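Student: kindly return the folded structure for what I paste below:
(2 chains)
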Amino acid sequence: MIPSEPRLGTRPAMKYRSQLRIYVDIMRVIQREGNEAKPTRILYGANLSHDRLVKYLEELKTLGVIQESGTEDKVFSLTQKGIEFLNNFRKVESFASAFGFRI
Amino acid sequence: MEFIAFAIAFAVAYQALKGYRVSKERTLLYLHFSFILLGAGLLIDGLASIIVLISQFHRALLFLYALGYTISFLAQLVAYGILVVAYLHQTRNLSVQLAVAAPLVSVLFFERNAFAELVLIFLLVYITAQMVINYHINKTTNGLLVFGAFASLALAHFFFLMFILIPIFFPLAHIAQLFGFLLLLAMLLRVNQTS
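Tutor: Okay, the predicted model is just below:
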């Protein structure tokens, strides 16, 4: 059976994650792991492919919200800027959710 | 009372703008403009009432009272209209938004009357219903506070409508309106306590 095409002007039932949401998911995995997470943990935790994970980690490093340490085993941690961003995002998420808006 | 409500409306608008800057979520921008309009309307209404009171109801300045109320009413109409469109934006397609927005624009040219108050109540009941659904899904205290706030504002407008018939409803309407904004303030304080 051929799945029906979504009608023009309507939204698909499943909403794709925005870039911001993916950034936040990655940062939350790092925070959940005690602010030191290996790429494999982030990959599973944030539900990303390897290529996309590498791309997003580079972008987050450029933004200065995460930092990389370790030579052989790469480990990522949140910077102070990253911790502050996550706190701000949590507030925004809580505020938007109170009005029934999804971010 | 209007000045307290104005300050709270602007605080909500500021929080929505901060949220938009972080998330770039357009619905938060709608929320910002909606509460800016609500606050501005309340401020103008409050200022006009004070001028009329200070002038001891001078006949030449009585028109200010009506002007303030009318501006506040139109601001609320557009503000709640924006919120309704924001909820439709999140749940339905563009054609439905336009279908709803068109009569809203035409309503802007109506003079103050019971029908127009009923339109405001209708908008607020729709928003309150959205809040009930939101609370039912998320079961958060903040969601409950926002639901209570919009329910109070809907009640306030019902009292404003009843005021046309029975004067005692006037202070009750203002109390319900203030209570609604105080619930929004409580939600804002809770959000900003989140660490």
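Student: report the contact partners of residue B:167.
Tutor: With C-beta atoms under 8 Å, 6 or more residues apart in numbering or on different chains as the criterion, no residue contacts residue B:167. Every residue, glycine included, has its C-beta placed from N, CA and C.
Student: got the phi and psi for it?
Tutor: phi -60, psi -30 (degrees, to the nearest 10).
Student: for chain A, see how far away it is.
Tutor: Going from residue B:167 to chain A by C-beta to the nearest C-beta, to the nearest Å gives 34 Å.
Student: cool, and residue B:144?
Tutor: According to C-beta to the nearest C-beta, residue B:144 and chain A sit 9 Å apart.
Student: in this structure that residue contacts residue B:135, no?
Tutor: Yes - contact status for residue B:144 versus residue B:135: in contact at 5.4 Å, counting by C-beta atoms under 8 Å.
Student: tell me where chain A has strands.
Tutor: Secondary structure of chain A by DSSP state E: the strands cover A:66-69, A:75-78.
Student: I'd like those laid out as JSON lines, including mean neighbour count.
Tutor: Formatted as JSON lines, the strands of chain A follow (neighbours: other C-beta atoms under 10 Å in any protein chain shown):
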{"stretch": "strand A:66-69", "mean neighbour count": "16"}
{"stretch": "strand A:75-78", "mean neighbour count": "20"}
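Student: save the ones you listed as TSV, and put in distance to residue B:188 and mean pLDDT too.
Tutor: Converted to TSV, these look like this (distance: least, C-beta to C-beta, whole Å; pLDDT from 0 to 100):
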stretch	distance to residue B:188	mean pLDDT
strand A:66-69	30	86
strand A:75-78	27	88
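Student: among those strands, which is nearest residue B:168?
Tutor: Checking the strands of chain A against residue B:168 by C-beta to C-beta gives strand A:75-78 as the closest, at 57.9 Å.
Student: quick one: that closest one to chain centroid distance?
Tutor: Mean-position distance between strand A:75-78 and its chain equals 14 Å (C-alpha atoms, centre = their mean, to the nearest Å).
Student: what packs against that strand?
Tutor: In this structure, strand A:75-78 packs against helix A:19-32, strand A:66-69, with contacts taken as 3 or more C-beta pairs under 8 Å, 6 or more residues apart in numbering or on different chains; DSSP states H and E.
Student: name the residues that touch it?
Tutor: Contacts of strand A:75-78 (C-beta under 8 Å, 6+ apart): A:27, A:30-31, A:35-39, A:42, A:57, A:65-69, A:86.
Student: kindly report the same for stretch B:142-160.
Tutor: By C-beta under 8 Å, 6+ apart, stretch B:142-160 touches A:94-95, A:97-100, B:117, B:120-121, B:124-125, B:127-128, B:131-132, B:134-135, B:169-170, B:172-174, B:176-177, B:179-181, B:183-184, B:186-187, B:190-191.
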